[in-house]
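K.L.:
Provided below are the primary sequence and the corresponding predicted coordinates.
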Amino acid sequence: MSFWKRCIVFPVGFFGRWIEKGDRIGIMGQNSPEYVYLYGAAAKIGAIILPINWRLDSEEIKYII
């Protein structure tokens, strides 16, 4: 399966229903291959990815959000 096809198939339920062009998507977690597909899917619909470091404490995360 091609990269762009995975970017459509992987997050189709999540991005297709609640995320629109210009929306910001905060993601927090350790690095994984799925991040690549999330970035690709966000690029396809014009959303903005906001990576949040999973090592931050709750106060820092609240500030970012």
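P.N.:
Everything's here; your move.

K.L.:
What is whichever strand or helix holds Leu38 packed up against?
P.N.:
Using DSSP states H and E, Leu38 maps to helix 33-45. Secondary-structure packing of helix 33-45 (3 or more C-beta pairs under 8 Å, 6 or more residues apart in numbering; DSSP states H and E): helix 3-9, helix 12-18, strand 24-28, strand 48-52. To be clear about C-beta, it is placed using only N, CA and C from the backbone, and glycine gets the same treatment.

K.L.:
Paired strands for the last one, with orientation please.
P.N.:
Sheet pairing here is set by DSSP bridges, and for strand 48-52 it gives strand 24-28 (parallel).

K.L.:
on that earlier part again, with distance to Tyr35 added, can I get the helices and strands packed on helix 33-45 in CSV?
P.N.:
As requested, these are arranged in CSV below (distance: least, C-beta to C-beta, whole Å):
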stretch, distance to Tyr35
helix 3-9, 12
helix 12-18, 14
strand 24-28, 7
strand 48-52, 8
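
K.L.:
distance of Ala42 from Glu34?
P.N.:
12 Å (C-beta to C-beta, to the nearest Å).

K.L.:
Have a look at those two and say which one is more surrounded.
P.N.:
More crowded of Ala42 and Glu34, by other C-beta atoms under 10 Å: Ala42, with 21 against 13.

K.L.:
Lowest average confidence across the helices and strands packed on helix 33-45, which one?
P.N.:
Lowest mean pLDDT within the helices and strands packed on helix 33-45: helix 12-18, a mean of 65.

K.L.:
ok so, going back, so for the helix holding Leu38, mean pLDDT?
P.N.:
83.
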